[in-house]
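Undergrad: pasting the structure only:
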C-alpha cells in the first residue's frame, strides 16, 4: 500500500519553530536519509498523516512524499509523537528508502482460526508475541502476518520458524521465539467457584435455622408451666 503526503520545508529546527508550525495548523517533522548528512526540517498536513497512521499498515505504510521544490521521494515513518489528551500528532520523523534495497520492519501478527485445544479441551489461547520482524523490499511490506491456530491442541504452540514464509518477505526474528500457544487455565481460576461454594456452605452451617429457635422457646415455656404447677401444689 502506498499513500501520498505533501510536505514543505521549514527554516530551522528547534522547539520554538515547532510551536509556530503547530500554531499554523501543520505538523513539524524531519526527513532523514539520502545524500543529506543531517535531517531536513519539514512540515505536513495533520489530517492525511493521521489517516496513514490509522490505516491497517500504519507506520509501515510506504509514502510518496511530495516535497515542494525537491520532487517525490519514497519514505517511511520513522517515529511520531501524539498528544495524550488531544490525540493530535505533535511531531513526525520520516526516512528515505531505496526501492531496490531490502529493509527490516516490524509487522503485527494476526491469529486465524479456532484452536481445538480451546474448544474441545477447555484450554486458553495465550498470545506471547504480537509482532515479528520481517525482511523485504519497501514495496512488498505486508500489512500483517497471519498465524493459523486451527490445529493447535492443548500444550501446543507456534514458533517463528513455523510461520510460512511469504513470497516477498521472510521472518528474521529469533526462529525459536514462541508466538502463540494453548495452555491450561490458571489454578486459581479453576478453584475460585469451589471456594465460593465452601464459603456459602460454612455460612449456612453457622447460621441457626429459625425452627430451632422456635422449638427452644417452646421448651422453655413448658418448663415454666411445670414450675408454676409445683408451686400451686405446695400452697394447697
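TA: Nice, I can see it. If you're wondering where the values come from, they're calculated on a predicted model, not measured in any experiment.

Undergrad: Tell me the bridge partners for residue 133.
TA: residue 106 (DSSP bridges).

Undergrad: so where do the helices sit in this structure?
TA: 15-23, 46-53, 116-119, 187-206, 210-235 (DSSP state H).

Undergrad: and those helices, which one is worst for confidence?
TA: If you rank these by mean pLDDT, helix 210-235 sits at the bottom with a mean of 47.

Undergrad: Would you mind listing the residues in contact with the residue nearest the centre of the chain?
TA: The residue lying closest to the centre of the chain (Cα atoms, centre = their mean) is residue 130, at 8.2 Å. Taking Cβ atoms under 8 Å, 6 or more residues apart in numbering, we find residue 130 in contact with 108-109. In this view, the C-beta of every residue, glycine as well, is placed from N, C-alpha and C.

Undergrad: Any regions of this protein where pLDDT drops low?
TA: Applying pLDDT under 70 to the chain flags the ranges 1, 34-37, 187-236.

Undergrad: tell me the domain boundaries of it?
TA: Using automatic domain parsing, the domain parsing of the chain gives 2-96, 103-185, 188-235.

Undergrad: Over to the first one now: how far is its first residue from its last?
TA: Same thing as domain 2-96. Start and end residues of domain 2-96 are separated by 14 Å (Cα to Cα, to the nearest Å).

Undergrad: For the residue nearest to residue 79 when sequence neighbours are not counted, give the beta-bridge partners.
TA: Nearest residue to residue 79, sequence neighbours excluded (Cβ to Cβ, 6 or more residues apart in numbering): residue 93, at 4.5 Å. Beta-bridge pairing for residue 93 (DSSP bridges): residue 30, residue 79.
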